[in-house]
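Participant: What follows is a predicted structure for the sequence shown.
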Amino acid sequence: MTISRRTFVTTGAAAAASLALGERAGAEPVLARVGERAARVPLASRPVVIASGNGLRGVARAYDMITRQGADTLDAIIAGVNIQELDPEDQSVGLGGLPNADGVVQLDASCMHGPTKRAGAVACLEGIATPSLVAKAVMDYTNHVLLVGEGAKKFALGMGFTEQNLLTEKSRKDWLRWKACLNPSDNWLDAPGMPRAPARTSQRDSAPELGVNFTTGTINMNAVNAAGDISSVTTTSGLSWKIPGRVGDSPIVGAGQYCDNTVGAAGSTGRGESCIKTCGAFLIVEFMRQGLSPEQACLKTIERVIATTEPRLLDGRGRPTFSLQFYAVAKDGRFGAAALYEGGSFAVADSQGARMVPFAFMFRQSEKPQAAVSCSA
Ligand code: GLY
(Lines give C-alpha, C1' and ligand atoms only; values in the text may rest on other atoms or scores of the structure.)
Protein backbone atom coordinates (compact mmCIF):
# COMPACT_ATOMS: atom_id res chain seq x y z
CA MET A 1 0.00 0.00 0.00
CA THR A 2 1.29 3.41 -0.89
CA ILE A 3 1.00 5.91 1.96
CA SER A 4 0.17 9.41 0.81
CA ARG A 5 2.39 12.08 2.23
CA ARG A 6 -0.42 13.85 4.02
CA THR A 7 -1.82 10.62 5.44
CA PHE A 8 1.59 9.61 6.74
CA VAL A 9 2.42 12.96 8.14
CA THR A 10 -0.84 13.58 9.92
CA THR A 11 -1.57 10.08 11.09
CA GLY A 12 1.06 7.42 10.71
CA ALA A 13 4.04 9.54 11.52
CA ALA A 14 2.35 11.31 14.37
CA ALA A 15 1.30 7.99 15.81
CA ALA A 16 4.79 6.65 15.40
CA ALA A 17 6.22 9.79 16.93
CA SER A 18 3.87 9.36 19.86
CA LEU A 19 5.24 5.89 20.33
CA ALA A 20 8.73 7.29 20.23
CA LEU A 21 8.08 10.27 22.44
CA GLY A 22 4.86 9.76 24.32
CA GLU A 23 6.41 7.97 27.25
CA ARG A 24 8.23 11.12 28.24
CA ALA A 25 6.23 13.64 30.17
CA GLY A 26 5.26 16.68 28.18
CA ALA A 27 6.73 15.50 24.89
CA GLU A 28 4.60 16.88 22.08
CA PRO A 29 5.43 15.53 18.67
CA VAL A 30 4.67 18.20 16.13
CA LEU A 31 4.88 16.14 12.99
CA ALA A 32 1.33 17.14 12.12
CA ARG A 33 2.70 20.60 11.51
CA VAL A 34 4.87 19.24 8.77
CA GLY A 35 1.59 18.33 7.09
CA GLU A 36 0.97 22.05 6.67
CA ARG A 37 3.71 21.98 4.09
CA ALA A 38 2.42 18.91 2.28
CA ALA A 39 1.78 20.91 -0.88
CA ARG A 40 5.54 21.24 -1.30
CA VAL A 41 5.98 17.70 -2.59
CA PRO A 42 8.84 17.90 -5.10
CA LEU A 43 8.07 16.44 -8.47
CA ALA A 44 10.41 13.63 -9.39
CA SER A 45 12.82 14.39 -12.19
CA ARG A 46 16.16 12.95 -13.11
CA PRO A 47 19.00 13.76 -12.90
CA VAL A 48 18.86 15.29 -9.46
CA VAL A 49 21.63 16.15 -6.98
CA ILE A 50 20.97 17.09 -3.34
CA ALA A 51 23.29 18.15 -0.54
CA SER A 52 23.48 19.78 2.84
CA GLY A 53 23.10 23.56 2.75
CA ASN A 54 26.82 24.16 2.36
CA GLY A 55 26.71 22.24 -0.93
CA LEU A 56 24.87 24.73 -3.15
CA ARG A 57 27.88 25.38 -5.36
CA GLY A 58 28.63 21.68 -5.27
CA VAL A 59 25.22 20.47 -6.46
CA ALA A 60 25.40 22.95 -9.34
CA ARG A 61 28.78 21.60 -10.36
CA ALA A 62 27.73 17.97 -9.98
CA TYR A 63 24.50 18.47 -11.93
CA ASP A 64 26.40 20.21 -14.69
CA MET A 65 28.94 17.39 -14.89
CA ILE A 66 26.21 14.75 -15.04
CA THR A 67 24.04 16.50 -17.61
CA ARG A 68 26.62 18.19 -19.84
CA GLN A 69 29.59 15.88 -19.58
CA GLY A 70 27.83 12.59 -18.91
CA ALA A 71 29.96 12.21 -15.79
CA ASP A 72 29.53 9.27 -13.46
CA THR A 73 27.37 10.20 -10.45
CA LEU A 74 30.12 9.54 -7.91
CA ASP A 75 32.76 11.47 -9.87
CA ALA A 76 30.29 14.35 -10.14
CA ILE A 77 29.33 14.58 -6.45
CA ILE A 78 32.94 14.20 -5.32
CA ALA A 79 33.85 17.10 -7.62
CA GLY A 80 30.95 18.91 -5.93
CA VAL A 81 32.15 18.38 -2.37
CA ASN A 82 35.75 19.13 -3.43
CA ILE A 83 34.69 22.79 -3.77
CA GLN A 84 34.11 23.02 -0.02
CA GLU A 85 37.01 20.72 0.90
CA LEU A 86 39.44 23.01 -0.93
CA ASP A 87 37.88 26.27 0.30
CA PRO A 88 39.99 27.56 3.22
CA GLU A 89 37.07 29.73 4.36
CA ASP A 90 34.87 26.69 4.98
CA GLN A 91 35.65 25.49 8.49
CA SER A 92 33.50 22.37 8.24
CA VAL A 93 35.52 20.22 5.87
CA GLY A 94 38.97 19.74 4.34
CA LEU A 95 41.40 22.66 4.21
CA GLY A 96 40.53 25.10 7.01
CA GLY A 97 38.39 22.56 8.89
CA LEU A 98 38.25 23.10 12.64
CA PRO A 99 40.84 20.96 14.44
CA ASN A 100 40.68 18.48 17.28
CA ALA A 101 41.59 19.23 20.90
CA ASP A 102 45.29 19.06 20.02
CA GLY A 103 44.92 21.59 17.22
CA VAL A 104 45.25 18.94 14.52
CA VAL A 105 42.77 18.77 11.61
CA GLN A 106 41.54 15.18 11.31
CA LEU A 107 39.22 14.46 8.40
CA ASP A 108 36.62 11.73 7.76
CA ALA A 109 34.84 10.77 4.53
CA SER A 110 33.02 7.91 2.87
CA CYS A 111 31.36 7.22 -0.47
CA MET A 112 29.26 4.61 -2.24
CA HIS A 113 28.86 3.90 -5.94
CA GLY A 114 25.47 2.36 -6.59
CA PRO A 115 25.91 0.81 -10.03
CA THR A 116 29.01 -1.15 -9.01
CA LYS A 117 27.93 -1.76 -5.40
CA ARG A 118 31.23 -0.48 -3.97
CA ALA A 119 32.19 1.67 -1.01
CA GLY A 120 35.28 3.40 0.36
CA ALA A 121 36.09 5.44 3.46
CA VAL A 122 38.83 7.12 5.49
CA ALA A 123 38.83 8.34 9.08
CA CYS A 124 41.22 10.48 11.13
CA LEU A 125 43.07 11.41 7.96
CA GLU A 126 45.63 14.19 8.47
CA GLY A 127 47.35 16.43 5.96
CA ILE A 128 45.23 15.66 2.87
CA ALA A 129 42.59 18.24 1.94
CA THR A 130 40.27 15.97 -0.05
CA PRO A 131 39.34 12.92 2.05
CA SER A 132 36.41 12.23 -0.31
CA LEU A 133 38.90 11.49 -3.10
CA VAL A 134 41.00 9.33 -0.78
CA ALA A 135 37.84 7.42 0.18
CA LYS A 136 37.15 6.85 -3.51
CA ALA A 137 40.73 5.68 -3.99
CA VAL A 138 40.23 3.15 -1.18
CA MET A 139 37.15 2.00 -3.08
CA ASP A 140 38.84 1.92 -6.48
CA TYR A 141 42.25 0.48 -5.62
CA THR A 142 41.95 -1.73 -2.55
CA ASN A 143 40.10 -4.77 -1.32
CA HIS A 144 39.04 -2.78 1.76
CA VAL A 145 36.35 -0.29 2.68
CA LEU A 146 37.83 1.78 5.53
CA LEU A 147 41.38 3.00 6.24
CA VAL A 148 42.17 5.15 9.29
CA GLY A 149 44.85 7.39 10.73
CA GLU A 150 48.48 6.91 9.74
CA GLY A 151 47.59 4.03 7.44
CA ALA A 152 45.09 6.15 5.56
CA LYS A 153 47.63 8.94 5.16
CA LYS A 154 50.36 6.58 3.99
CA PHE A 155 47.93 5.11 1.47
CA ALA A 156 46.97 8.57 0.22
CA LEU A 157 50.58 9.67 -0.19
CA GLY A 158 51.31 6.45 -2.03
CA MET A 159 48.40 7.19 -4.36
CA GLY A 160 49.94 10.57 -5.17
CA PHE A 161 47.92 12.88 -2.96
CA THR A 162 49.82 15.96 -1.77
CA GLU A 163 50.37 16.59 1.93
CA GLN A 164 49.69 20.11 3.19
CA ASN A 165 49.05 21.99 6.43
CA LEU A 166 45.26 22.04 6.75
CA LEU A 167 45.13 24.34 9.79
CA THR A 168 44.40 27.84 8.54
CA GLU A 169 45.19 30.88 10.67
CA LYS A 170 41.46 31.48 11.25
CA SER A 171 40.87 27.92 12.48
CA ARG A 172 44.04 28.03 14.59
CA LYS A 173 42.83 31.21 16.30
CA ASP A 174 39.40 29.68 16.95
CA TRP A 175 41.13 26.64 18.47
CA LEU A 176 43.27 28.89 20.67
CA ARG A 177 40.16 30.71 21.88
CA TRP A 178 38.56 27.38 22.71
CA LYS A 179 41.71 26.37 24.59
CA ALA A 180 41.54 29.62 26.50
CA CYS A 181 38.04 28.94 27.75
CA LEU A 182 37.66 25.19 27.97
CA ASN A 183 33.98 24.50 28.32
CA PRO A 184 31.32 21.80 28.52
CA SER A 185 31.50 21.27 24.78
CA ASP A 186 34.98 19.82 25.16
CA ASN A 187 33.44 16.38 24.61
CA TRP A 188 34.32 14.94 28.02
CA LEU A 189 31.56 13.92 30.40
CA ASP A 190 31.72 14.69 34.09
CA ALA A 191 33.07 11.71 36.02
CA PRO A 192 30.43 10.00 38.18
CA GLY A 193 30.51 11.36 41.72
CA MET A 194 32.63 14.36 40.77
CA PRO A 195 31.23 17.89 41.18
CA ARG A 196 30.73 19.86 37.97
CA ALA A 197 33.37 22.49 37.40
CA PRO A 198 31.57 25.86 37.67
CA ALA A 199 34.53 27.80 36.33
CA ARG A 200 34.34 25.95 33.06
CA THR A 201 30.65 26.70 32.73
CA SER A 202 31.00 30.39 33.44
CA GLN A 203 33.94 30.66 31.10
CA ARG A 204 31.84 29.10 28.41
CA ASP A 205 29.18 31.71 28.97
CA SER A 206 31.69 34.40 28.18
CA ALA A 207 32.73 32.68 25.00
CA PRO A 208 30.45 34.59 22.63
CA GLU A 209 32.18 37.81 23.58
CA LEU A 210 35.43 36.16 22.62
CA GLY A 211 33.95 35.21 19.29
CA VAL A 212 34.33 31.49 19.90
CA ASN A 213 32.63 29.43 17.23
CA PHE A 214 31.43 26.07 18.52
CA THR A 215 29.68 25.19 15.32
CA THR A 216 31.22 22.98 12.77
CA GLY A 217 29.82 21.03 9.88
CA THR A 218 29.82 18.36 7.28
CA ILE A 219 28.79 18.05 3.65
CA ASN A 220 26.68 15.18 2.36
CA MET A 221 25.82 14.93 -1.36
CA ASN A 222 23.73 12.37 -3.26
CA ALA A 223 22.90 12.08 -6.96
CA VAL A 224 20.67 10.12 -9.32
CA ASN A 225 21.32 10.35 -13.06
CA ALA A 226 18.89 10.04 -15.95
CA ALA A 227 19.37 6.28 -16.05
CA GLY A 228 18.60 5.95 -12.34
CA ASP A 229 22.16 5.22 -11.21
CA ILE A 230 22.89 6.56 -7.75
CA SER A 231 25.89 7.59 -5.63
CA SER A 232 26.50 9.20 -2.24
CA VAL A 233 29.38 10.90 -0.44
CA THR A 234 29.91 12.57 2.95
CA THR A 235 33.00 14.48 4.06
CA THR A 236 33.82 16.37 7.25
CA SER A 237 36.38 17.70 9.67
CA GLY A 238 34.04 16.33 12.33
CA LEU A 239 33.20 17.78 15.67
CA SER A 240 35.37 20.76 16.49
CA TRP A 241 37.78 20.29 19.37
CA LYS A 242 37.07 16.56 19.37
CA ILE A 243 39.14 14.10 21.36
CA PRO A 244 41.94 13.08 18.98
CA GLY A 245 40.93 9.89 17.25
CA ARG A 246 37.21 10.58 17.56
CA VAL A 247 35.36 9.33 14.50
CA GLY A 248 31.85 10.53 13.67
CA ASP A 249 29.25 9.10 11.35
CA SER A 250 30.60 10.53 8.09
CA PRO A 251 33.11 7.75 7.33
CA ILE A 252 30.77 5.01 8.56
CA VAL A 253 29.01 3.38 5.62
CA GLY A 254 25.34 3.10 6.60
CA ALA A 255 25.53 6.00 9.05
CA GLY A 256 26.93 9.15 7.39
CA GLN A 257 25.86 8.00 3.94
CA TYR A 258 24.43 4.96 2.20
CA CYS A 259 23.40 4.07 -1.31
CA ASP A 260 21.48 1.16 -2.82
CA ASN A 261 21.14 1.45 -6.58
CA THR A 262 17.75 -0.28 -6.51
CA VAL A 263 16.24 2.15 -3.97
CA GLY A 264 18.06 5.45 -3.39
CA ALA A 265 20.68 7.17 -1.27
CA ALA A 266 20.79 9.06 2.00
CA GLY A 267 23.20 10.90 4.26
CA SER A 268 23.46 13.02 7.36
CA THR A 269 24.98 16.06 8.99
CA GLY A 270 24.91 16.90 12.67
CA ARG A 271 25.73 14.96 15.82
CA GLY A 272 27.42 11.89 14.37
CA GLU A 273 27.23 9.80 17.52
CA SER A 274 23.41 9.90 17.34
CA CYS A 275 23.40 8.96 13.68
CA ILE A 276 25.79 6.05 14.22
CA LYS A 277 23.53 4.54 16.87
CA THR A 278 20.59 4.43 14.46
CA CYS A 279 22.57 3.49 11.32
CA GLY A 280 20.84 6.62 10.02
CA ALA A 281 21.53 6.60 6.28
CA PHE A 282 20.96 2.85 6.00
CA LEU A 283 17.68 3.14 7.88
CA ILE A 284 16.42 5.91 5.59
CA VAL A 285 17.14 3.79 2.52
CA GLU A 286 15.37 0.84 4.13
CA PHE A 287 12.34 3.01 4.91
CA MET A 288 12.28 4.13 1.26
CA ARG A 289 12.48 0.48 0.23
CA GLN A 290 9.34 -0.07 2.32
CA GLY A 291 7.53 2.64 0.36
CA LEU A 292 8.10 5.85 2.29
CA SER A 293 9.00 9.00 0.38
CA PRO A 294 12.49 10.42 0.96
CA GLU A 295 11.14 13.07 3.32
CA GLN A 296 8.98 10.61 5.23
CA ALA A 297 11.94 8.26 5.54
CA CYS A 298 14.10 11.07 6.95
CA LEU A 299 11.41 12.03 9.49
CA LYS A 300 10.87 8.46 10.56
CA THR A 301 14.59 8.05 11.09
CA ILE A 302 14.60 11.18 13.24
CA GLU A 303 11.90 9.55 15.36
CA ARG A 304 14.23 6.58 15.80
CA VAL A 305 17.06 8.90 16.78
CA ILE A 306 14.90 10.46 19.47
CA ALA A 307 13.77 7.06 20.70
CA THR A 308 17.36 5.91 21.06
CA THR A 309 18.73 9.07 22.67
CA GLU A 310 20.11 8.74 26.19
CA PRO A 311 18.38 10.90 28.84
CA ARG A 312 21.38 13.19 29.39
CA LEU A 313 20.89 14.48 25.82
CA LEU A 314 17.16 15.17 26.21
CA ASP A 315 15.49 18.15 27.82
CA GLY A 316 12.68 17.78 30.35
CA ARG A 317 10.18 17.36 27.51
CA GLY A 318 12.07 14.62 25.76
CA ARG A 319 13.58 16.80 23.05
CA PRO A 320 17.16 16.32 21.95
CA THR A 321 19.69 18.98 22.89
CA PHE A 322 21.64 18.52 19.66
CA SER A 323 21.19 19.04 15.93
CA LEU A 324 20.85 16.38 13.27
CA GLN A 325 19.79 16.56 9.63
CA PHE A 326 19.05 13.82 7.10
CA TYR A 327 18.97 13.97 3.28
CA ALA A 328 17.56 11.42 0.83
CA VAL A 329 16.95 10.80 -2.86
CA ALA A 330 14.91 7.98 -4.35
CA LYS A 331 15.79 6.17 -7.55
CA ASP A 332 12.91 7.87 -9.38
CA GLY A 333 14.33 11.32 -8.56
CA ARG A 334 12.13 12.28 -5.59
CA PHE A 335 14.10 13.94 -2.83
CA GLY A 336 13.65 15.23 0.70
CA ALA A 337 15.44 16.22 3.88
CA ALA A 338 14.48 16.67 7.50
CA ALA A 339 15.95 18.19 10.64
CA LEU A 340 15.21 17.83 14.32
CA TYR A 341 14.43 21.54 14.62
CA GLU A 342 12.76 24.04 12.31
CA GLY A 343 15.00 26.22 10.18
CA GLY A 344 17.66 25.85 7.61
CA SER A 345 17.54 24.42 4.15
CA PHE A 346 19.32 22.00 1.86
CA ALA A 347 20.70 22.31 -1.65
CA VAL A 348 19.07 20.80 -4.73
CA ALA A 349 19.99 20.88 -8.41
CA ASP A 350 17.67 19.48 -11.07
CA SER A 351 15.96 20.69 -14.24
CA GLN A 352 14.67 23.69 -12.27
CA GLY A 353 18.21 24.80 -11.45
CA ALA A 354 20.29 24.89 -8.28
CA ARG A 355 18.43 26.22 -5.25
CA MET A 356 17.84 25.94 -1.51
CA VAL A 357 14.79 24.05 -0.19
CA PRO A 358 13.56 24.25 3.44
CA PHE A 359 13.91 21.21 5.67
CA ALA A 360 10.92 19.32 7.00
CA PHE A 361 11.32 19.29 10.75
CA MET A 362 10.24 17.56 13.92
CA PHE A 363 10.07 20.47 16.38
CA ARG A 364 9.59 24.21 16.02
CA GLN A 365 12.62 26.41 16.61
CA SER A 366 10.83 28.02 19.55
CA GLU A 367 10.71 24.58 21.18
CA LYS A 368 14.45 24.04 20.94
CA PRO A 369 15.92 23.55 24.41
CA GLN A 370 17.85 26.57 25.64
CA ALA A 371 20.68 24.22 26.50
CA ALA A 372 20.84 22.87 22.96
CA VAL A 373 24.41 22.58 21.78
CA SER A 374 24.90 24.60 18.63
CA CYS A 375 27.17 21.93 17.22
CA SER A 376 26.02 20.73 13.83
CA ALA A 377 28.97 18.55 12.92
N1 GLY B 1 28.33 14.35 11.33
C2 GLY B 1 29.70 14.54 11.38
C3 GLY B 1 30.34 14.18 12.62
O4 GLY B 1 29.68 13.95 13.61
O5 GLY B 1 31.55 14.11 12.64
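Facilitator: Structure received.
Participant: Could I get the full set of strands for this protein?
Facilitator: 48-51, 107-113, 118-125, 146-148, 218-224, 230-236, 257-260, 264-270, 324-330, 335-341, 345-350, 353-358, 360-363 (DSSP state E).
Participant: mind giving me a markdown table with those strands and columns for distance to the ligand and mean neighbour count?
Facilitator: Backbone N, C-alpha and C define where each C-beta goes, glycine included. Below are these laid out as a markdown table (distance: least, C-beta to the nearest ligand atom, whole Å; neighbours: other C-beta atoms under 10 Å):
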| stretch | distance to the ligand | mean neighbour count |
| --- | --- | --- |
| strand 48-51 | 14 | 30 |
| strand 107-113 | 6 | 31 |
| strand 118-125 | 10 | 26 |
| strand 146-148 | 14 | 20 |
| strand 218-224 | 4 | 32 |
| strand 230-236 | 5 | 33 |
| strand 257-260 | 10 | 28 |
| strand 264-270 | 5 | 32 |
| strand 324-330 | 8 | 30 |
| strand 335-341 | 13 | 27 |
| strand 345-350 | 15 | 24 |
| strand 353-358 | 20 | 14 |
| strand 360-363 | 18 | 26 |
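Participant: okay, those strands in a markdown table with mean pLDDT next?
Facilitator: Putting the strands of the chain into a markdown table (pLDDT from 0 to 100) gives the following:
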| stretch | mean pLDDT |
| --- | --- |
| strand 48-51 | 98 |
| strand 107-113 | 98 |
| strand 118-125 | 98 |
| strand 146-148 | 98 |
| strand 218-224 | 97 |
| strand 230-236 | 98 |
| strand 257-260 | 98 |
| strand 264-270 | 98 |
| strand 324-330 | 98 |
| strand 335-341 | 97 |
| strand 345-350 | 98 |
| strand 353-358 | 98 |
| strand 360-363 | 96 |
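Participant: Of all these, which one comes closest to L167?
Facilitator: strand 107-113 (11.7 Å; C-beta to C-beta).
Participant: mind listing what that closest one pairs with, with the direction of each?
Facilitator: strand 118-125 (antiparallel), strand 230-236 (antiparallel) (DSSP bridges).
Participant: that older thread, any chance of the strands of the chain in a markdown table, plus distance to D249?
Facilitator: Formatted as a markdown table, the strands of the chain follow (distance: least, C-beta to C-beta, whole Å):
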| stretch | distance to D249 |
| --- | --- |
| strand 48-51 | 16 |
| strand 107-113 | 8 |
| strand 118-125 | 11 |
| strand 146-148 | 13 |
| strand 218-224 | 8 |
| strand 230-236 | 8 |
| strand 257-260 | 9 |
| strand 264-270 | 6 |
| strand 324-330 | 9 |
| strand 335-341 | 15 |
| strand 345-350 | 17 |
| strand 353-358 | 23 |
| strand 360-363 | 18 |
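Participant: Quick one: end-to-end distance for stretch 47-62.
Facilitator: 10 Å (C-alpha to C-alpha, to the nearest Å).
Participant: Can you give the distance of that stretch from its chain's centre?
Facilitator: Remark: stretch 47-62 is offset 14 Å from the chain centroid, using C-alpha atoms, centre = their mean, to the nearest Å.
Participant: Flag every buried residue along it.
Facilitator: Neighbour counts using 16 or more other C-beta atoms under 10 Å place 47-56, 58-62 of stretch 47-62 among the buried residues.
Participant: quick check, nearest of these to the ligand?
Facilitator: Nearest to the ligand, judged by C-beta to the nearest ligand atom, of those is S52 at 9.7 Å.
Participant: got the contact list for that closest one?
Facilitator: By C-beta atoms under 8 Å, 6 or more residues apart in numbering, the contact set of S52 is 217-221, 267, 269, 325, 327, 346-347.
Participant: and if you look at T162?
Facilitator: T162 touches I128, counting by C-beta under 8 Å, 6+ apart.
Participant: now the helices: where do they sit in the stretch 101-250 of the chain?
Facilitator: With DSSP state H, counting those that start in this stretch applied, the stretch 101-250 of the chain shows helices at 131-141, 149-158, 169-180, 198-205, 207-210, listed in chain order.
Participant: Redo those helices as CSV? Include distance to the ligand.
Facilitator: What follows is those, written out as CSV (distance: least, C-beta to the nearest ligand atom, whole Å):
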stretch, distance to the ligand
helix 131-141, 12
helix 149-158, 16
helix 169-180, 16
helix 198-205, 20
helix 207-210, 21
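Participant: for those, which one ends up most surrounded?
Facilitator: helix 131-141 (a mean of 25; mean count of other C-beta atoms under 10 Å).
Participant: that older thread, could you dump the helices of the stretch 101-250 of the chain to JSON lines with mean pLDDT and distance to A123?
Facilitator: JSON lines is the format used below for the helices of the stretch 101-250 of the chain (pLDDT from 0 to 100; distance: least, C-beta to C-beta, whole Å):
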{"stretch": "helix 131-141", "mean pLDDT": "98", "distance to A123": "9"}
{"stretch": "helix 149-158", "mean pLDDT": "98", "distance to A123": "7"}
{"stretch": "helix 169-180", "mean pLDDT": "90", "distance to A123": "19"}
{"stretch": "helix 198-205", "mean pLDDT": "31", "distance to A123": "28"}
{"stretch": "helix 207-210", "mean pLDDT": "29", "distance to A123": "29"}
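Participant: Look up the closest residue to G280, ignoring the ones flanking it.
Facilitator: Once flanking residues are discounted, G280 sits nearest to S268: 4.9 Å by C-beta to C-beta, 6 or more residues apart in numbering.
Participant: Surely the one you found touches S323?
Facilitator: No: with contacts counted by C-beta atoms under 8 Å, S268 stays clear of S323, the gap being 10.7 Å.
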